[in-house]
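Asker: Here is a sequence with its predicted model. Questions after.
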Amino acid sequence: MVQVVKGWLSGQFASRVQSASKFVEGKFNGMASSDSTLIFGDGSFEEQVQELVNYLARDLAEDARTSFISPFQTALLSQDKNRKQKTITLVLGAVKGLGSGSDKEIEGFFNLLYAHTLAAFPDEAGQKEQLLPLIHTISATSNPSLIKYRILTNLFNILPRRSPLRLQVYEALVTLATAQDELDLLGVKKTDIERWLSEWDISADERSSLLKTLSDAYSKRGPPETFLDFQLSYISSLPETSGDIQPAILGAIATVLKTPNMFDFDSLKKLPSLKVVQSTPLYGLLQVFLDGDYSQLSEWLSGNESSIGEFGLDRAGLEKKIRLLSIATLATQNVGKDLPYSTVASTLQVPATDVEKWSIDAMRANLISGKLSQPAQALHITRATHRSFSSGDWVQLEKRLLNWRAELVGVLDVLANTKQSRKPRGAQEAEVPAEKTVQAAA
């Protein structure tokens with residue numbers, strides 16, 4: 001991606017760097033996926049630095065302005081071979097905020113400053129030393145969030161694709177968006193995060209740090225499903241010896257348990273590090289929801305009352321969720337069959353008159369599909385969702401497929417025999433039996 005650094009127009013900053021960041025209808029629309037090539041336009045280095053300094057000094061009184069500009073003039077006139085580096089370091093050190101310009105001027109100022117900083121400090125260590133304080137300065141200002149999003153995003157895009165400094169810029173963006181309750185503005189996508197983490201030259205601890213930043217952000221401001229997604233990635237990034245892993249796993253378990261419409265426990269069950277929390281009460285509760293019923297939940301509740309408040313759980317919510325999951329389990333065992341109301345009532349420990357209500361709730365939760373029959377006092381199951389898919393479930397699925405195949409062969413045989421009976425005898429002798437056709441295809 002080519003980024004052009006232009007000259008000055010009528011004493012105002014033009015857009016010095018054509019950034020790949022965009023805001024569409026108030027929403028951020030993507031980060032650059034390739035490295036930038038800077039092409040400086042009008043004006044010499046000295047002229048462009050003078051404009052940067054003039055912008056910083058614009059609100060000063062005349063005497064103070066002269067005193068402020070003097071060190072930069074001295075640096076520009078120096079014959080030192082590192083003159084450009086020292087001059088840009090002086091400019092960076094003088095930045096205490098975003099200045100008093102318009103949004104266009106602010107963006108142009110920082111784009112030009114970024115470009116000269118990267119040109120003067122091509123090595124990663126130098127860029128980090130010079131730009132990290134600037135990121136903190138931008139983040140800490142009281143300016144409206146939108147302009148801060150823009151100039152931080154421009155920095156992200158102008159940095160080399162593999163630059164570890166992109167991590168600090170993105171963390172600053174996430175922290176800003178979280179504080180403003182504007183996470184949706186960033187358009188965070190897990191696929192982008194995974195790609196960046198594979199590209200950036202950062203340590204395992206730094207990868208974990210970003211994932212924790214995202215999971216913490218969504219735990220406060222985002223949907224629980226997104227929080228869980230990043231929390232599980234964060235957990236997977238930690239070694240089992242980490243002191244942070246147990247609270248992270250317990251937090252993920254608690255989120256699934258207390259979120260009313262969250263019924264998928266497979267992602268937790270498959271965590272390799274789940275064994276770290278085996279001795280905790282919450283692990284026992286997770287096992288109840290993986291394959292237990294209302295009776296087992298009642299037993300757990302009677303012995304672990306303190307854990308309910310500790311993890312923000314709700315007794316009524318837990319009881320409702322286990323009953324819905326219990327209906328789903330009964331339904332998976334009776335697909336294509338009638339499930340008696342009495343069986344449901346006994347499993348859920350509710351009156352038979354409440355079975356239809358619970359069945360409808362399970363349908364609304366998309367756990368089962370079926371048809372209620374008051375005369376037959378039964379629920380005919382047409383579809384059911386497994387709590388988790390174990391090896392035993394795969395065996396059961398294989399049996400069902402084999403039975404379905406055998407039934408299909410029978411249907412094809414009937415159709416073939418019917419077809420043959422309507423043909424002349426000579427044509428019948430030339431036909432291949434339907435069963436052999438199906439077997440050959442298999």
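Answerer: Now that the structure is in, tell me what you want to look at. From a predicted model like this one, the values you see are computed outputs, not experimental measurements. Residues are numbered from 1 along each chain as shown.

Asker: Counting by contacts, list what the longest helix along the chain packs against.
Answerer: Looking only at the chain and at elements set by DSSP state H, the helix with the highest residue count is helix 391-421. Applying 3 or more CB pairs under 8 Å, 6 or more residues apart in numbering; DSSP states H and E, we find helix 391-421 packed against helix 425-430, helix 434-441. From N, CA and C alone the C-beta is placed, and that goes for glycine too.

Asker: how near is P133 to K220?
Answerer: For P133, the distance to K220 under the criterion CB to CB, to the nearest Å works out to 27 Å.

Asker: Identify all contacting residues around the helix or strand hosting D205.
Answerer: Under the criterion DSSP states H and E, the helix or strand holding D205 is helix 204-221. By CB atoms under 8 Å, 6 or more residues apart in numbering, the surrounding residues in contact with helix 204-221 are 164, 167, 170-171, 174-175, 177-178, 181, 183, 188, 193, 197, 224, 226-227, 230-231, 233-234, 237-238, 244, 251, 255.

Asker: and if you look at stretch 228-241?
Answerer: Outside stretch 228-241, the residues that touch it by CB under 8 Å, 6+ apart are 190, 193, 204, 207-208, 211-212, 214-215, 218-219, 244-245, 248-249, 251-252, 255-256, 262, 267-268, 271-273, 276.

Asker: Of those, just the buried ones, PyMOL syntax please.
Answerer: The buried subset of these, as determined by 16 or more other CB atoms under 10 Å, is captured in PyMOL by this line:
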select buried, resi 193+207+208+211+212+214+215+218+219+245+248+249+251+252+255+256+268+271+273+276
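
Asker: Could you list the buried residues of the longest helix of the chain?
Answerer: V409, A416, Q420.

Asker: pLDDT of it, averaged?
Answerer: The average pLDDT within helix 391-421 is 74.

Asker: how much distance is there from it to the middle of the chain?
Answerer: The gap between the average C-alpha position of helix 391-421 and the chain average comes to 42 Å, counting by CA atoms, centre = their mean, to the nearest Å.

Asker: try stretch 205-221
Answerer: For stretch 205-221, the distance between its averaged C-alpha position and the chain's averaged C-alpha position is 10 Å (CA atoms, centre = their mean).

Asker: sorry, back to before: C-terminal to the helix holding D205, what's the next element?
Answerer: Next along the chain after helix 204-221, taking DSSP H and E as the criterion, comes helix 224-237.

Asker: what inclination does the helix or strand following that following helix have with respect to helix 204-221?
Answerer: Sequence order places helix 245-258 as the next helix or strand after helix 224-237, per DSSP H and E. Orientation note: helix 245-258 sits at an angle of 30 degrees relative to helix 204-221 (axes from the mean of the first three to the mean of the last three CA atoms, to 10 degrees).

Asker: Output the contacting helices and strands for the helix or strand following helix 245-258.
Answerer: For helix 245-258, the following helix or strand on the C-terminal side (DSSP H and E) is helix 266-269. Using 3+ CB pairs under 8 Å, 6+ apart as the contact definition, the elements that helix 266-269 packs against are helix 224-237, helix 245-258.
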